[in-house]
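sequence and computational prediction follow.
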Amino acid sequence: MTRPLPACAILLAALFAAGPAHAQMPPLPGTEWGVHDPGGAERFLRFGGDGRVSGSAGCNRFTGPYERDGTRLSLGPLATTRRMCPSEVMEAEQAFLSALSRTAGIASLDALVLELAGEGGEPLLTLRRRDVD
């Protein structure tokens, strides 16, 4: 006759079966993330279910492919429109696009915050979820 497992043993088994912490990260397809800008320029990106990312860098719109494998994330190459805006908007846009192109991974991801990291793990951008109430 076998004895039932204690509840704590069942919980530990479930945690180990779940795999590494990044396996618990929410999916990206269908989500939209943005950077708060007190100046009012919209900087955001939307992850499509088709492996494409699109959005606005503040003045210009962009689109391109993305690939995710666990905590690894690459964006681009990104194609952008070529509108001209005031220099301070263009400088912020260039910094945003540069951070996106240097993205190599996800530092953290939860239901409301996505932190992008570079190849060496350095933080690049902190984005907030835009498509939730």
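Noted; the coordinates are in hand.

and the longest strand along the chain, what's its mean pLDDT?
Using DSSP state E to define each element, the chain has its longest strand at strand 61-69. In this model, strand 61-69 carries a mean pLDDT of 97.

just how off-centre is it within its chain?
Averaging C-alpha positions (CA atoms, centre = their mean, to the nearest Å) puts strand 61-69 10 Å from its chain's average.

following element in sequence after it, please.
strand 72-75 (DSSP states H and E).

tell me which other helices or strands the helix or strand that comes right after that following strand touches.
Next along the chain after strand 72-75, taking DSSP H and E as the criterion, comes strand 79-80. With contacts taken as 3 or more CB pairs under 8 Å, 6 or more residues apart in numbering; DSSP states H and E, strand 79-80 sits against strand 61-69. All C-beta spots, glycine's among them, are computed from the backbone N, C-alpha and C.

flag every buried residue along the strand it packs on.
Neighbour counts over strand 61-69 (16 or more other CB atoms under 10 Å) mark Phe62, Thr63, Gly64, Tyr66, Arg68 as buried.

quick check: Glu119 touching Arg102?
Yes - counting by CB atoms under 8 Å, Glu119 does reach Arg102; the two are 7.4 Å apart.

so for those two, which sits in the more crowded spot?
Using other CB atoms under 10 Å as the criterion, Glu119 and Arg102 rank with Arg102 on top: 17 against 9.

shaky segments in the chain?
The model of the chain has pLDDT under 70 over residues 1-24, 38, 133.

what ranges does it have for its strands?
31-35, 43-47, 52-57, 61-69, 72-75, 79-80, 105-109, 113-117, 123-129.

excluding its backbone neighbours, what's nearest the residue sitting nearest the centre point of the chain?
In the chain, the C-alpha nearest the mean C-alpha coordinate belongs to Leu114, at 4.8 Å (CA atoms, centre = their mean). With CB to CB, 6 or more residues apart in numbering as the criterion, Leu114 has its nearest non-adjacent residue at 4.5 Å, and that residue is Leu127.

right, I'll leave it there.
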